[in-house]
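Asks: Sequence first, predicted coordinates after that:
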Amino acid sequence: MVSLFDQFTNFLRRYHRCPLCHLPVDGPHPVWCSHCLARFPYRPYCHHCGNTKTTDTDYCGQCLTTPRPWQRFYRIGEHQFPLRHLIHQLKFQRKFWLAQPLGELLAKQIDEPAPLLLPIPLHPLRQLHRGFNQSSLIAQAVARQTGSQLDTRRLKRRRYTPSQHKLSKAQRQHNLDRAFILKRKSLPCHVALVDDVVTTGSTVAEATLLLRQQGVKRVDIYCLSFTPTEKNVEKSPRSVPKS
C-alpha cells in the first residue's frame, strides 16, 4: 500500500521540471531528468592535479615531475554544459537550492572524506555585493553527506583581489600572493578546501600552502568543475557519472 507521503511526493514529482531542459523529471534523481543527468561531463582524470586523462589515475606524468601542494583532487567533471550552466545559475541567478544536489554529486566522488571542510572565502566586500559565498553553500551540502565538520570562519581573504577568470596563470599567482589569512586554532591533520570551479589551481594552491605552514599533513581539493588547459587534456571518450 502506498503511503500518503509517497502519494504526495509522487504528485509533486509529476509537476517538477528539470531545470536544464524544463521537461518533467522522469528518473530516480529528484532534480534532473535522466537525459540531462547522463550529460554531466564526467571524464577520467588525475586524482592529484585534476586534469582530464584517458583513464582515472592517482598521479599522471606531469604530477610526477611537478607535483601540486595538495594530496587528492575531487571533481564532478569539466567546466562545460551542464555544470557550467548550473554553476552560473547558482552564482549569478541566486538559485541557492542548486548547491545541495550539486554537493551531493560531488560527495559521491569522495572516497576518503576529510574531517574538516574549509570553503574558499570571498573578500567581505565581494561577499557583501553578491550576498553569499557559493563555496560555503557547496561545502555545507558536501558536509551533510560525508559527516565532515564545516568551518566557514577559519580561512579568510584579507586582500580584495581582481576577478581571476580573465587573468593569466602568472597574473593569478601574483594576484593571490598573501591573499589569505588563517585563524590560529588547532587543525586536524587532514583538511579539504572546497571551491566551485578550479582553473589553474592558483587559488587552492595558495590556501593549501597556508594550511601546510600550520602543520596540516594532508590537504584535499573538492570542486564542482575543473577547467583544463588544452596542453593537459588527453582525448578520452565521454562517460556517464559515477554512481
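Replies: Received the coordinates, thanks. This structure is a prediction, so every number in the text was calculated from the model and none was measured.
Asks: Can you give me the pLDDT of the residue lying closest to residue 43 once chain neighbours are set aside?
Replies: The shortest distance from residue 43 to any residue other than its chain neighbours is 5.0 Å, reached at residue 52 (Cβ to Cβ, 6 or more residues apart in numbering). C-beta: built from backbone N, CA, C; applies to glycine. pLDDT for residue 52: 92.
Asks: Now stretch 89-108: buried residues?
Replies: Neighbour-count burial for stretch 89-108 flags 89-91, 98-107 (criterion: 16 or more other Cβ atoms under 10 Å).
Asks: gap between that stretch and the chain center?
Replies: Taking Cα atoms, centre = their mean, to the nearest Å, the mean C-alpha location of stretch 89-108 is offset from the chain mean by 10 Å.
Asks: one step back: in helices, which of the buried residues of stretch 89-108 appear?
Replies: Among those, DSSP state H puts 89-91, 99-107 in helices.
Asks: low-confidence ranges in the chain?
Replies: Across the chain, the ranges flagged by pLDDT under 70 are 1-15, 159-178, 229-243.
Asks: in it, which spans are strands?
Replies: 72-78, 116-119, 149-150, 155-157, 180-182, 190-198, 218-226 (DSSP state E).
Asks: Include distance to residue 132 when you put the ones you listed into CSV, please.
Replies: Shown next, in CSV, are the strands of the chain (distance: least, Cβ to Cβ, whole Å):
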stretch, distance to residue 132
strand 72-78, 20
strand 116-119, 11
strand 149-150, 15
strand 155-157, 15
strand 180-182, 19
strand 190-198, 12
strand 218-226, 16
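Asks: What values do phi and psi take at the nearest residue to residue 82 once chain neighbours are set aside?
Replies: Once flanking residues are discounted, residue 82 sits nearest to residue 20: 5.2 Å by Cβ to Cβ, 6+ apart. In terms of degrees, to the nearest 10, the main-chain angles of residue 20 are phi -90, psi -50.
Asks: so residue 20 makes contact with residue 83?
Replies: No - at 10.5 Å, residue 20 does not count as touching residue 83 under the criterion of Cβ atoms under 8 Å.
Asks: With distance to residue 202 added, can I get the buried residues of stretch 89-108 in a markdown table?
Replies: Rendered in a markdown table, the data for those read as follows (distance: Cβ to Cβ, whole Å):
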| residue | distance to residue 202 |
| --- | --- |
| 89 | 25 |
| 90 | 22 |
| 91 | 19 |
| 98 | 26 |
| 99 | 24 |
| 100 | 28 |
| 101 | 28 |
| 102 | 23 |
| 103 | 23 |
| 104 | 28 |
| 105 | 25 |
| 106 | 21 |
| 107 | 25 |
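Asks: Tally up the residues packed near residue 146, please.
Replies: 20 (other Cβ atoms under 10 Å).
Asks: In space, what's closest to it - neighbours in sequence excluded?
Replies: In space, and not counting its chain neighbours, residue 146 is closest to residue 113: 3.7 Å by Cβ to Cβ, 6+ apart.
Asks: residue contacts, that neighbour?
Replies: Contact analysis of residue 113 by Cβ atoms under 8 Å, 6 or more residues apart in numbering lists 107, 146-148, 192.
Asks: contacting residues for residue 115?
Replies: Here residue 115 is in contact with 148-149, 188, 190-191 (Cβ under 8 Å, 6+ apart).
Asks: Report the two of the residues you listed separated the most.
Replies: Farthest-apart pair in these is 149 and 190; separation 11.4 Å (Cβ to Cβ).
Asks: Find the residues that touch each one of those two.
Replies: In contact with both residue 149 and residue 190: 115-116, using Cβ under 8 Å, 6+ apart.
Asks: Which one of the two is surrounded by more residues?
Replies: The neighbour count for residue 149 versus residue 190, taken as other Cβ under 10 Å, is higher for residue 190 (18 against 13).
Asks: my guess is that one contacts residue 218, does it?
Replies: Yes - here residue 190 reaches residue 218: they are 4.5 Å apart, a contact under Cβ under 8 Å.
Asks: Since that was my last question, I'll sign off now.
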